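In: let me see the structure of the following:
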Amino acid sequence: MRLLVHGQQAFGKSVLEALLDRGERVVAVYGPEDKDGRVDPLIAEARERKLPVYQPKSFRNNEEVAAECEAIKADLGVMAFVTKFVPSTFLDIPKHGTIQYHPSLLPLHRGPSSINWPIIQGRAETGLSIFWPDDGLDEGPILLQKTVQIEPEDTLGTVYFNKLFPLGIEAMLEAVDLVREGKAPKIEQDHTKKTYESWCKKEDAQIDWSKPVNEVHNLIRGCNPSPGAWCDFAGDALQIFDCKRDDQISGDAGSVTEILDGSFSVACGNGGLRIERVRYQSKDKISASDFVQGQNIELGTRLGK
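Out: Presented below is the predicted three-dimensional model:
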């Protein structure tokens, strides 16, 4: 088939590489515009492979973009991590339409931060969906889905890079095969079970140490590495990254209860956390030990307001 690949960043690049490395015919690549001398990894790879590259500023009501796409005569559009809105008038141009990757088990966790929120909410599993996008937000019919477990110490980083990233590439290849074989289903989502969350932003990532330890731990894990869960310390943001839950810790919520080699403990509403890695005053991430020494942290020191 003649494939149109549309995406960005590392995942988009990896999907393109996987398709080309197994001999697929990619006839066009769509991706973000170059900005301030920075070239998106997908675009850089496409140029390196001498593929036609298209970088429209917008797809909305853009007859020139639609005409360019029609001239490509693609059989299938393959969308790998796209943040711009792409209307159905563009999605439907390829002969067999367009398929898209989304890192959640749709209709759960529609929206842009769909890996953060299942961890923050304490779910034990998540997954990915390859679906047929339409004009709704992650609402189109499902082609296939894959489930992964969220382990107790998993973070946003480990769930994405160790699980959903590699599994997503495999699922994309499987989906292309199903379309080629005429076996790709279009299973309507159960919209009564939908959930939607917007971007996970700094204001969503503020730690309330008075909450139960499982809630605090889930927030930190779901925001690691981005946007980084944080609390106030001496008027600046202290971001907490690597930590371990310990239900035996007790004390006033937000207070340092123990200082050990490599970590310090902070009490929550019940139980507490052993903090191992932080960032303070927007500087580089440092070990808990370095933070303790640099800021003269003592037993009873309070984090948060």
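In: for the rest of this, base every contact and every neighbour count on C-alpha atoms.
Out: Noted.
In: so what pairs up with the closest residue to K285 other than its chain neighbours in the strands?
Out: The shortest distance from K285 to any residue other than its chain neighbours is 4.4 Å, reached at R279 (CA to CA, 6 or more residues apart in numbering). Counting by DSSP bridges, R279 is bridged to Q239, K285.
In: which residues touch R279?
Out: Applying CA atoms under 8 Å, 6 or more residues apart in numbering, we find R279 in contact with L238, Q239, I240, F241, K285, I286.
In: would you mind listing which of the residues you listed are buried?
Out: Buried members of the contacts of R279, counted by 16 or more other CA atoms under 10 Å: L238, Q239, I240, F241.
In: how about CSV for the residues you listed, with distance to Q295 added?
Out: What follows is the buried ones among the contacts of R279, written out as CSV (distance: CA to CA, whole Å):
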residue, distance to Q295
L238, 11
Q239, 14
I240, 15
F241, 18
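In: just the closest of the residues you listed to T147, please.
Out: Taking CA to CA as the measure, T147 sits nearest to F241 out of these, at 25.5 Å.
In: how close does that closest one get to S287?
Out: 10 Å (CA to CA, to the nearest Å).
In: A66 now?
Out: A66 is 52 Å from S287, by CA to CA.
In: flag every buried residue along stretch 30-40.
Out: Neighbour-count burial for stretch 30-40 flags Y30, G31, P32, D40 (criterion: 16+ other CA under 10 Å).
In: now swap in stretch 270-286 and tell me
Out: Applying 16+ other CA under 10 Å to stretch 270-286 flags N270, G271, G272, L273, R274, I275, E276, R277, V278, R279, Y280 as buried.
In: again, but for stretch 140-149
Out: Neighbour-count burial for stretch 140-149 flags G140, P141, I142, L143, L144, Q145, K146, V148 (criterion: 16+ other CA under 10 Å).
In: pretty sure the fifth one is in a strand, no?
Out: Yes. L144: assigned to a strand according to DSSP: H, G, I helix; E, B strand; the rest coil.
In: can you pull the contacts of it?
Out: Each residue near L144 by CA under 8 Å, 6+ apart is listed here: S129, I130, F131, A171, A175, P185.
In: out of those residues, who's nearest I297?
Out: Nearest to I297 out of the contacts of L144 is S129 (CA to CA; 45.5 Å).
In: tell me the average confidence for the longest helix along the chain?
Out: For the chain, the longest helix by residue count, based on DSSP state H, is helix 165-180. For helix 165-180, the mean pLDDT works out to 98.
In: show me what that helix packs onto, helices and strands only.
Out: Helix 165-180 makes packing contacts with helix 9-21, strand 125-131, strand 142-149 when contacts are defined by 3 or more CA pairs under 8 Å, 6 or more residues apart in numbering; DSSP states H and E.
In: tell me the centre residue of the protein?
Out: Central residue of the chain (CA atoms, centre = their mean): I115, 4.9 Å from the mean position.
In: relative to S198, how far out is that one?
Out: According to CA to CA, I115 and S198 sit 11 Å apart.
In: V159 too?
Out: Distance of V159 to S198, computed by CA to CA: 19 Å.
In: more neighbours: those two, which one.
Out: Using other CA atoms under 10 Å, the more surrounded residue of V159 and S198 is V159, with 22 against 12.
In: so who does the more buried one touch?
Out: Per CA under 8 Å, 6+ apart, neighbours of V159: I115, I150.
In: for K146, list each beta-bridge partner.
Out: Here K146 shows beta-bridge partners L128, assigned using DSSP bridges.
In: quick check: closest non-adjacent residue to S129.
Out: Nearest one to S129, counting by CA to CA, 6+ apart, is Q145 at 4.4 Å.
In: need the contact list for the residue nearest to V278 when sequence neighbours are not counted.
Out: Residue nearest to V278 in three dimensions, not counting chain neighbours: I240, with 4.7 Å by CA to CA, 6+ apart. Contacts here follow CA under 8 Å, 6+ apart; on that basis I240 touches I220, G228, A229, W230, I275, R277, V278, R279.
In: where's the third one relative to Y196, distance?
Out: If you measure A229 against Y196 using CA to CA, the figure is 21 Å.
In: could you dump the buried ones among the contacts of R279 to JSON lines with pLDDT and distance to P152?
Out: What follows is the buried ones among the contacts of R279, written out as JSON lines (pLDDT from 0 to 100; distance: CA to CA, whole Å):
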{"residue": "L238", "pLDDT": "97", "distance to P152": "23"}
{"residue": "Q239", "pLDDT": "98", "distance to P152": "20"}
{"residue": "I240", "pLDDT": "98", "distance to P152": "17"}
{"residue": "F241", "pLDDT": "98", "distance to P152": "15"}
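In: good, wrapping up.
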